[in-house]
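Q: After the sequence you'll find the predicted model.
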Amino acid sequence: GEAVQGGGAGPACGCKGIRRCLLCQGPAPCLILLCPFLFPQKQGNFTYCPAAGLAVGNECSEFAGWAFPFPGVFLLEEFINPDEESQMVQLMDQDDWKLSQSGRRKQDYGPKVNFKKKKLKVDGFIGLPSFSQEIVQRMKAHSALENFFPVEQCNLDYLPERGSAIDPHFDDWWLWGERLVSLNLLSKTVLSMSCDSEDSLQLFTHKPNNSWDIDHSSPPRLIPYKEVTVDILLPRRSLIVLYGDARYKWKHAIYRKHIEHRRICVTFRELSAEFTLGGKQEKLGKELLEIALTFQGKPV
Ligand SMILES: O=C(O)CCC(=O)C(=O)O
Ligand SMILES: [Fe+2]
């Protein structure tokens, strides 16, 4: 998945460029902790409501009573049980974790990719790990994951002591297809969605005590996209699929403040159209899939 790591400020740190973790940055100056007015932590002002598919204005914010449709998220709670979770984590911990950016560690099962040069290498990749076979099979029972054939698995390990986080970003769309599927293990967290667009977003009023439905009869309110952050609450052992607008229009991030305990995210990615039926690189895509789905893998 990610670009090749290395460098960093010391042996225990995988950061480079502008990325920072608590190891290379040191503790935050008290001023920042004591002065939220001078240094506001970007606070989500909307929360995603899975039942309604809406982003709903937080009660404590100026957007209370307002909502807007937030398509492209599919969330399943208790996708795996506690025994399966501890077994998976135990197996992951038998392999090495590599230091990555922003205080994360990672294990990657997939082709080596240079996203800037749009080049990939198949050698070294021997498949997704065997413990994922059953999980991937289970995904297919849901219509949102029909014909989902993952060709990459990336495990990311977040710890509060390291200040682990991931900055707002889009996942690559040259190699990776529409659906990003992630399992959230060991602790709950928040996936923070933001959008840099200069456009305006239409908010609608909604009636929380009645139904979650938006009320199209009263006039909408327009606000800049840039002022909006949508929090998607991810329970422990839940599975989330990002597609459509949530994949291509909104960036996703995990902020440091939302890592309260050790957390592991397991992301599965499928191939883009270029690497599937009728695409320019269909042959290479087929080769990758055949390797991935042997489920005999070790981290690359
Ligand atoms: O940790 C997460 O939930 C997000 C990970 C992610 O966005 C990525 O690996 O691209
Ligand atoms: Fe991502």
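A: Nice, I can see it. Ligands and ions are numbered 1, 2, ... in the order given.

Q: So which residues on the stretch 1-150 of the chain come close to ligand 1?
A: With the criterion set to Cβ under 6 Å from any ligand atom, the stretch 1-150 of the chain never comes near ligand 1. Heads up, the C-betas are built off the backbone N, CA and C, glycines and all.

Q: got any ranges where the stretch 1-150 of the chain has weak pLDDT?
A: Scanning the stretch 1-150 of the chain for pLDDT under 70 picks out 1-11, 26-43.

Q: Now do the host helix or strand of residue 84: everything it contacts.
A: Element membership of residue 84, judged by DSSP states H and E, is helix 82-94. Residues from elsewhere that reach helix 82-94 (Cβ atoms under 8 Å, 6 or more residues apart in numbering): 80, 107, 129, 131, 155, 185, 186, 236, 237, 264, 266.

Q: just checking, the last one touches residue 155?
A: Translated: residue 266. Yes. Using Cβ atoms under 8 Å, residue 266 is in contact with residue 155, at 5.2 Å.

Q: Export the contacts of helix 82-94 as JSON lines, with columns for distance to residue 163.
A: Output for the contacts of helix 82-94, formatted as JSON lines (distance: Cβ to Cβ, whole Å):
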{"residue": "80", "distance to residue 163": "27"}
{"residue": "107", "distance to residue 163": "20"}
{"residue": "129", "distance to residue 163": "28"}
{"residue": "131", "distance to residue 163": "29"}
{"residue": "155", "distance to residue 163": "19"}
{"residue": "185", "distance to residue 163": "19"}
{"residue": "186", "distance to residue 163": "17"}
{"residue": "236", "distance to residue 163": "21"}
{"residue": "237", "distance to residue 163": "24"}
{"residue": "264", "distance to residue 163": "16"}
{"residue": "266", "distance to residue 163": "21"}
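
Q: hey, where'd the helices end up in the stretch 1-150 of the chain?
A: Remark: helices assigned in the stretch 1-150 of the chain by DSSP state H, counting those that start in this stretch are 22-25, 30-34, 82-94, 133-139.

Q: list the contacts for the closest residue to ligand 1 within the stretch 151-300 of the chain?
A: Residue of the stretch 151-300 of the chain nearest ligand 1, by Cβ to the nearest ligand atom: residue 265 (3.4 Å). The neighbours of residue 265, taking Cβ under 8 Å, 6+ apart as the test, are 155, 156, 158, 182, 183, 184, 185, 254.
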